[in-house]
Structures are given as C-alpha cells and as structure tokens.
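Trainee: The sequence and its predicted three-dimensional model are supplied below.
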Amino acid sequence: MKTKKPLELLKLSVPRETPITSFLTASGTFQDGDLLLNQKGLRLKSDNKESPQSDNKVLDAQFSLEDLETIKVIGKGSGGIVQLVRHKWLGTPFALKAIQMNIQEDIRKQIVQELKINQASQCTNVVICYNSFYKNGVIYLVLEYMDRGSLADVIRQIKTILEPYLAVVCKQVLKGLVHLNHERHVIHRDIKPSNLLVNHKGEVKITDFGVSAMLANSMGQRDTFVGTYNYMAPERISGSTYDYKSDIWSLGMVILECAIGRFPYIQSEEQSCPSFYELLSSIVENPPPSAPADQFSPEFCSFISACIQKDPRDRSSALDLLAHPFIKKFEDKDIDLAILVGTLDPPVNFGR
Ligand code: ATP
Ligand code: MG
C-alpha cells in the first residue's frame, strides 16, 4: 500500500526577488516587471530615458477603456466631459476626455487615424494623447493628466500673473507652438487659457491640438468652429484664409489677459463678454489691444505688440518670439512656476 506524501513536501519554490506585482485588468493584461502579457501577446515595456514620455509607465502597454477607473470629473467643455481616471493595475493617472460624436463610420475611422498620428507627437510642451477609442457614439481620448488644471483655473484664482512668471509660461507655450507650427506644420486653431494646462512641476503644455479641427470636419464643414471666438485672429473671425500666425494672435491675447486680469476687448471686469457680432466688429475694425506702457515693462509691451498685429504678416513667428527680449530677460533668473502653482487651490472639480 502506497503512503501519502505529506503536503509540506510538495511546496514549490517561488523566487522571492521578482514578485508578481499586479494582476489582470479587464482587458486581461498582466504585468510582471517589464513584461506585459494579454490576448495580443507578450511585449516588453519600453524604458527609454531620452523620451519625454518615459516617466509614464504604460507608454507601450496596450490597454482598453475597461482598464481605466474613474476617480472624478475634472472638467466640462462644449464637446463633452473630462474625467480623472486611473489605470487599474499600474495606478497611473490620466485625463479621459469624452467627445460625443454620432458620425458615420468612414469619418470616424479617419478621425481615429488622425488621432493615432497625433499620438506620435513628441514635445514636452504638448499634452500627450496616449490612446483613443470610439464607443457608442463617443470618442475617448486618453490624455496626459495635468494636475494643476488650466491657465483659466490659475487666473480665476489669482486674477493676474506677474511678468517673470508670464515669461516662463510664454517660453513653454512657444516651444509647443514651434513644434506644432514649424515641425509638424499644423495650426492649433484654438489657443485659449483652458487649452494651456499646468502641472505641479510648473510645466505648461498645449492641449486640444487638432480637436477643434476634428469637430469641425465631423460636422461636414471644414471651418465650422465649436468653442470661443474671443481669442480668434481677425483674419479667422472674418472668414479669410489663415495660417499658423493665427495661433500667435491667440497667444498674445491670452498672455495680455493674464497680465491685465480681464479679456482685452472689455474695459472692466464687470462688463460682460461681448456677443459674436460685437467681438467681430471690435477685432476687425478697432486697433488691436496693447499692454499699457505705464504698467508693464517695455519688453513685455513689445512682446504683446509682436503677437497682436492685425495683419498676420506683421506678427512674429513662434521661433522668433522665443528669442524676444521679454523671454530672454528672465531666462537665467531661475523663475520657478511650480512655486506659483503650488500656492493655488487644486483646480475646480465638478465631481466632488
Ligand atoms: P471648450 O470645450 O469650449 O474648448 P474647454 O477647453 O474648457 O472648453 P475641454 O477641453 O473639454 O473644454 O476641457 C475641460 C476642462 O478639463 C479644461 O478646462 C481643464 O480644466 C480640464 N482638462 C482638460 N484636459 C485636461 C488634462 N489633460 N489634464 C487635466 N485637466 C484637463
Ligand atoms: Mg480644451
């Protein structure tokens, strides 16, 4: 008669130094160290220190919407809502932007294709779009999470931003614009305070690149604009042809607003925002707004005037503006935007 082996003798030895960190997500992805495994196969996570995206652990992971869990709603725009989500197994936070879009299959495919190309964008001052999905009439963009919200949130709290900090903001936005305008040869079309995002490290990044164009395309008319007209260059608001210089006008308007604490086409904070037709006539017929010389440095006034020129040919390019005396003036002064944003309350949350 066979004697049964005591159970202790059947113990398997599991190497302790490489613990299995986390297990399985809704899409069935499993990670152990740098290995990722799901139904699509086995892949090695990249850890390229040179890449601006390298501090994000899921860069190469294939994940689905089900892998993301909602933490709270962080914003609402004209196209839909933005939620703070977390990757269930890596814990990485993302901003998930949902855009309601009931559109034909072929247009949808084209949009998703464009988004995939945008995903390849590599610039520290442009918000990374990690992934995009289409589900039940909604396009989802998985974006880099910017934990201090937008410049709109910043000026809502502190009303005005001092010149040294503005120079730091400008330099970063200009670097993003050089990437979009000169390297990718695209026009952003919707530079405004809510599309310039900030994080706790004091980094400023441009977002919604391509989104307004995408919405316009999906509506069948290339130039149907969804959003605010406030920062639109004269040639654009009047329906003429426009190029990347229209982004420079918008940047000038945003920076001037941050400096004076109100939208430049209104006289006081109490005045309500102009209607489309009031705005159209002010932008097209009046002289362009400028920074008051008695309140701001000559370098700042000159920078604003280099951006806000009615004739796009008179505006400087992003590349030229990076070398402007206003930017140069504060370059070696060690101005830390992280200190400024660190003093602010967290951005407005809709989901609390
Ligand atoms: P509109 O839809 O009219 O263009 P908007 O830019 O405010 O306005 P959304 O782009 O939908 O609309 O963004 C809404 C808000 O969500 C933003 O103002 C910002 O505060 C927040 N937000 C958007 N993207 C991110 C992100 N990647 N990280 C953190 N917050 C974000
Ligand atoms: Mg936006």
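Mentor: Everything's here; your move. Ligands and ions are numbered 1, 2, ... in the order given.
Trainee: Every contact and neighbour count from this point should use C-alpha atoms.
Mentor: Fine.
Trainee: Can you report how many residues neighbour residue 66?
Mentor: Using other C-alpha atoms under 10 Å, residue 66 has 12 neighbouring residues.
Trainee: Repeat that for residue 170.
Mentor: Neighbour tally, residue 170, other C-alpha under 10 Å: 21.
Trainee: how much distance is there from the helix or strand where it lies to the middle of the chain?
Mentor: According to DSSP states H and E, residue 170 maps onto helix 163-177. Between the centre of helix 163-177 and the centre of its chain there are 15 Å (C-alpha atoms, centre = their mean, to the nearest Å).
Trainee: what helices or strands is that helix leaning on?
Mentor: Here helix 163-177 touches strand 204-206, helix 245-260, helix 318-322, helix 325-329, helix 337-342, going by 3 or more C-alpha pairs under 8 Å, 6 or more residues apart in numbering; DSSP states H and E.
Trainee: which other helices and strands contact the last one?
Mentor: In other words, helix 337-342. Against helix 337-342 (3+ C-alpha pairs under 8 Å, 6+ apart) you get helix 163-177.
Trainee: tell me which residues in the helix it packs on are buried?
Mentor: For helix 163-177, the neighbour count (16 or more other C-alpha atoms under 10 Å) marks 163-177 as buried.
Trainee: gap between the closest residue to residue 255 other than its chain neighbours and ligand 1?
Mentor: Counting by C-alpha to C-alpha, 6 or more residues apart in numbering, residue 255 lies nearest to residue 166, which is 7.1 Å off, once chain neighbours are set aside. Residue 166 sits 19 Å away from ligand 1, going by C-alpha to the nearest ligand atom, to the nearest Å.
Trainee: Against residue 99, how distant is residue 166?
Mentor: 31 Å (C-alpha to C-alpha, to the nearest Å).
Trainee: cool, residue 172 as well?
Mentor: Taken as C-alpha to C-alpha, the span from residue 172 to residue 99 is 27 Å.
Trainee: again with residue 82
Mentor: 9 Å.
Trainee: Could you verify that residue 335 is part of a helix?
Mentor: No. Counting by DSSP: H, G, I helix; E, B strand; the rest coil, residue 335 is not found in a helix; it is coil.
Trainee: going forward can the numbers begin at 25, since that is how I track them
Mentor: Noted, 25 is the first residue going forward, which turns the last one into residue 359.
Trainee: Correct me if wrong: it contacts residue 192.
Mentor: Yes. Counting by C-alpha atoms under 8 Å, residue 359 touches residue 192, with 7.2 Å between them.
Trainee: can you pull the contacts of the nearest residue to residue 215 once chain neighbours are set aside?
Mentor: For residue 215, ignoring the flanking residues on the chain, the nearest one in space by C-alpha to C-alpha, 6+ apart is residue 274 at 5.7 Å. Contact analysis of residue 274 by C-alpha atoms under 8 Å, 6 or more residues apart in numbering lists 214-216, 255-257, 332.
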